[in-house]
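> Mind folding the following:
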Amino acid sequence: MTGPSLASIWGQKAGAIEGFTRYSKALERADITWDERALDGWLKNPKAFIPNNRMTFGGLKDNGQRRDLIAFLRSVSETEDGAPDQPTERRSEAMTGQGQMLNLKTLDANRRVTSIGHCADTYTVTTETEETHEFWAFNLRFKTDGSELGPVAGHPVIIGASMRGDRGFVIFASPAEISPFIEKGC
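Below is the predicted model:
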């Protein structure tokens, strides 16, 4: 997950959504509550609004677009009775296509990786069903997930990362598993 859910951001203290652990120190220390004024400053130029934060987004310069986004964030932060929703942490919807957390321990054999070979600029990924998938090195990403829904230690999984099938994620339980798992040679 790149960032926390913004479903209940309105009225929350910056850098304080429970369950999200990757806030920058600058955001955690900011004495800001997300309201119209604060969100406008943040969305216009995050680096200027809270210096030294980790936000890579350069800002939304159009005043009307910022107003629309702020109105949307306020509306989704309130339930029918006006109480804020509770934040939830989840993986990117792109991982499942349905916006649900994907349990990597329960994926089918055609997603469970048995070997990864590397030759020149190509990785060859083989699954338990003996299917092989070749990826240009730039198009294969190695990721880790040590959560309760992450893959079983020593048994990485592969997930497609594009509609054309030319990109993928191989997800390991920990960073220490990555290099030893890759077999080098042509």
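> Would you map out the domains in the chain?
Structurally, the chain divides into domains by automatic domain parsing as follows: 25-89, 95-184.
> By mean pLDDT, show me the worst of these.
For the domains of the chain, mean pLDDT drops lowest on domain 25-89, to a mean of 83.
> tell me how far it is from the chain's mean position?
Offset of domain 25-89 from its chain centre (Cα atoms, centre = their mean, to the nearest Å): 18 Å.
> Only the buried residues of stretch 125-136, if you could.
Across stretch 125-136, burial judged by 16 or more other Cβ atoms under 10 Å covers 125, 127, 133, 135. C-beta: built from backbone N, CA, C; applies to glycine.
> residues making contact with it?
109-117, 121-124, 140, 158, 166-168, 170 (Cβ atoms under 8 Å, 6 or more residues apart in numbering).
> Give me the buried entries from those.
By neighbour count, with 16+ other Cβ under 10 Å, the contacts of stretch 125-136 hold 111-113, 116-117, 123, 140, 158, 168, 170 as buried.
> Among the residues you listed, which ones are in strands?
Residues of the buried ones among the contacts of stretch 125-136 located in strands (DSSP state E): 113, 116-117, 123, 140, 158, 168, 170.
> These into CSV, with extra columns for distance to Glu177?
Putting those into CSV (distance: Cβ to Cβ, whole Å) gives the following:
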residue, distance to Glu177
Val113, 11
Ile116, 11
Gly117, 16
Tyr123, 15
Leu140, 15
Ile158, 14
Gly168, 17
Val170, 10
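> Of the domains of the chain, which is nearest Gly3?
Nearest to Gly3, of all the domains of the chain, is domain 25-89, at 8.5 Å by Cβ to Cβ.
> Check which helices and strands the longest helix belonging to the chain is in contact with.
Using DSSP state H, we find that the single longest helix of the chain is helix 63-76. With contacts defined as 3 or more Cβ pairs under 8 Å, 6 or more residues apart in numbering; DSSP states H and E, helix 63-76 has these neighbours: helix 36-44.
> Contacts for the helix it packs on, please.
Applying Cβ under 8 Å, 6+ apart, the contact partners of helix 36-44 are 9, 14, 32, 34, 48-50, 59-61, 66-67, 69-70, 73-74.
> Quickly check the buried ones among the contacts of stretch 125-136 for the two that are furthest apart.
Largest separation among these by Cβ to Cβ: Arg111 and Gly117, giving 17.8 Å.
> Show me the helices in the protein, by range?
For the chain, the helices defined by DSSP H cover 25-29, 36-44, 46-49, 63-76, 93-96, 178-181.
> who's in contact with the longest one?
By Cβ under 8 Å, 6+ apart, the list of residues contacting helix 63-76 from outside reads 6-10, 34, 36, 39-40, 43-44, 60, 85.
> Thanks a lot, catch you later.
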